[in-house]
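J.: got a sequence here, can you model it:
(one chain, ligands or ions: 3)
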Amino acid sequence: MEVVGARAPGKIILAGEHAVVHGSAAVAAAIDLYTRCSLRLLTEDESASSAVELELRDPGLAFSWPCARLREVFFPTDSDSAAAGEPRPCSPDLLAAIARLLEEQEIPEAKIWLSSGLSAFLFLYTSILGCRAGKVTVSSDLPMGAGLGSSAAFCVSMSGALLTAAGVVAVGGGGGKGWELVRKDDLELVNRWAFQGEKIIHGKPSGIDNSVSTFGSMIKFKKGELTSLKSSNPVKMLITDTRVGRNTKALVAGVSERSSRHPDAMASVFHAVNSISEELSSIVELTANDEIAITSREEKLAELMEMNQGLLQCMGVSHSSIETVLRTTLKFNLVSKLTGAGGGGCVLTLIPTLLSNLVLDKVIAELESHSFRCFKVEVGGQGLQVCQGDC
Ligand SMILES: Nc1ncnc2c1ncn2[C@@H]1O[C@H](COP(=O)(O)OP(=O)(O)OP(=O)(O)O)[C@@H](O)[C@H]1O
Ligand SMILES: C[C@@](O)(CCO)CC(=O)[O-]
Ligand SMILES: [Mg+2]
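T.: Ligands and ions are numbered 1, 2, ... in the order given. This is a model prediction of the structure:
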């Protein structure tokens, strides 16, 4: 069979991370850094030992599971009962069985954080394709575990490729050349599968990361409801990766624990974040006809981001490396906030339209002198795309 591919973008959260898990609104946008997943189902001739193979290009690791061993774990009682049309959660018993299966792989201790991604892969693959032999290759522009939605881009691109190989998502309408957009109904199905994968990696995701990675653009997200935001003036952001590793699942759990220790205080914090996200989303949508100067729109955005950062500190998810980025950019009168789960990872800095490239280069040089890594990204682009053949 021919190769099918899917690519899904990472994201930034402009306002509302963590609070969105507790029902507040949040605003997120896709960025032009992608995770790509390609898949080829193997015939019996090609896969003498009949296995499911996974190559992760970025950590540079490859894994292989004999189909017979997968059948014992995933379908112990009967023949394959994969059902691509019906996303369902991974039960705690199955998750424990997957963990035992992964112990057989001898993952290097320094890469043990990959286990949650591998668990999500095995669950999605066997749920959608059963135990058919196949080879999956994943590569990514995104730093992993740094707040730019690498886990969601992994689950969305994987679900997209698997559902395309299963013949559920249509591909080839573009004449079989290059990346193609996906029909709305198909996107919704991919998004529901990707959410099941995110649950394995994050524990209790709100669904914002997989939604923005699937549908792209800039969105407001509240209690599972998504509103697409139309911004006529592009928002420019600098991203700084502090390179301090952290794990979204643990940070989300930490905020929930703080919330159960101080329910009233934290409810007020989440309520304030909701107001910030609502106001920020209406400012993003203002057009040239709304008689608000670009500079005053940017000042409002910056102030809301600053307020949100203060509330994220209240939730306990800032970090000394994040504070260093805030202090550094403030010297240039620029406002920053953490993005994603915090605890290290990436920080956003709003780039005003009138900021000269010379000053921006100085900001980047000073941030990089702290061993941080800066990215300039395009905000609000495409979501999931698929392709036939090698893209
Ligand atoms: N390309 C990939 N290959 C394999 N596993 C991946 C890949 N990308 C992400 N993962 C899995 O996702 C985990 C990182 O997810 P995590 O949610 O902690 O961070 P993030 O998604 O980058 O940030 P955030 O959730 O704050 O946006 C990794 O530890 C790994 O298990
Ligand atoms: C921290 C969080 O709010 C965003 C992570 O990008 C978690 C979630 O919403 O699932
Ligand atoms: Mg994540």
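
J.: C-alpha from now on. contacts and neighbour counts both.
T.: Fine.

J.: relative to ligand 2, how far out is Leu229?
T.: 18 Å (Cα to the nearest ligand atom, to the nearest Å).

J.: equivalent analysis for Gly342, please.
T.: For Gly342, the distance to ligand 2 (Cα to the nearest ligand atom) stands at 7 Å.

J.: same check, this time on Ile201
T.: 10 Å.

J.: how far away is that residue from ligand 3?
T.: Ile201 sits 7 Å away from ligand 3, going by Cα to the ion, to the nearest Å.

J.: that residue sits in which helix or strand?
T.: Take DSSP states H and E as the rule and Ile201 turns out to sit in helix 184-202.

J.: in that helix, what's buried?
T.: Residues of helix 184-202 classed as buried: 187, 189-202 (neighbour count, 16 or more other Cα atoms under 10 Å).

J.: from these, which has minimum pLDDT?
T.: Lowest pLDDT among the buried residues of helix 184-202: His202, with 91.

J.: ok, which residues in the stretch 101-250 of the chain are in contact with ligand 3?
T.: Gly149, Ser151 (Cα under 5 Å from the ion).

J.: check which element follows the helix holding Ile201 along the chain.
T.: helix 208-215.

J.: and ligand 1, is that following helix touching that?
T.: No. Counting by Cα under 6 Å from any ligand atom, ligand 1 has no neighbours in helix 208-215; the shortest distance is 6.7 Å.

J.: just the residues contacting that helix, thanks.
T.: Here helix 208-215 makes contact (Cα atoms under 8 Å, 6 or more residues apart in numbering) with 8-11, 28-30, 149, 152-153, 155-156, 187, 190-191, 194-195, 198, 218-219, 221, 224, 226, 382-384.

J.: give me the subset of those residues touching ligand 2.
T.: Checking these against ligand 2 by Cα under 6 Å from any ligand atom, the ones in range are Gly149.

J.: mind listing what's buried in stretch 376-391?
T.: Neighbour-count burial for stretch 376-391, counted by 16+ other Cα under 10 Å, picks out Glu378, Val379, Gly380, Gly381, Gln382, Gly383, Leu384, Gln385, Val386, Cys387, Gln388, Gly389.

J.: with adjacent residues omitted, what lies nearest to the third one?
T.: Going back to what we said before, that points to Gly380. Ser217 (4.0 Å; Cα to Cα, 6 or more residues apart in numbering).

J.: quick one, phi/psi of Asp390?
T.: Main-chain torsions, Asp390, degrees, to the nearest 10: phi -80, psi 120.

J.: and it, what pLDDT?
T.: So Asp390 comes in at 79 (pLDDT).

J.: just give me the neighbour total for the residue nearest to Ile98 when sequence neighbours are not counted.
T.: Spatially, and ignoring its direct neighbours in sequence, Ile98 is nearest to Ser119 (6.3 Å; Cα to Cα, 6+ apart). By other Cα atoms under 10 Å, the residues close to Ser119 number 23.

J.: please see if the helix or strand Ser119 falls within touches ligand 1.
T.: Remark: Ser119 resides in helix 115-129, with elements defined by DSSP H and E. Yes. Contact between helix 115-129 and ligand 1, assessed by Cα under 6 Å from any ligand atom, occurs at Ser115, Ser116, Gly117.

J.: contacting residues for the closest residue in space to the first one that isn't next to it in sequence?
T.: Taking Cα to Cα, 6+ apart as the measure, Ser115 lies nearest to Leu102, with 7.3 Å between them; neighbours along the chain are not counted. Under the criterion of Cα under 8 Å, 6+ apart, the contact list for Leu102 reads Ser115, Leu118, Ser119.

J.: pick out the residue in the stretch 151-300 of the chain sitting closest to ligand 2.
T.: Pro205 (3.2 Å; Cα to the nearest ligand atom).

J.: next one: phi and psi at that residue?
T.: Torsion angles, degrees, to the nearest 10, at Pro205: phi -80, psi 150.

J.: for it, what are its contacts?
T.: Pro205 touches Val21, Phe195, Glu198, Lys199, counting by Cα under 8 Å, 6+ apart.

J.: thought the residue nearest to Gly380 was touching Ala30?
T.: Yes. Shown here, Ser217 and Ala30 form a contact pair, counting by Cα atoms under 8 Å, at 5.7 Å.

J.: joint contacts of those two?
T.: Residues touching both Ser217 and Ala30 (Cα under 8 Å, 6+ apart) are Val379, Gly380, Gly381, Gln382, Gly383.

J.: which ones among the residues you listed map onto strands?
T.: Per DSSP state E, strands hold no members of these.

J.: element containing the residue nearest to Ser115?
T.: Following DSSP H and E, one finds Leu102 within helix 92-103.
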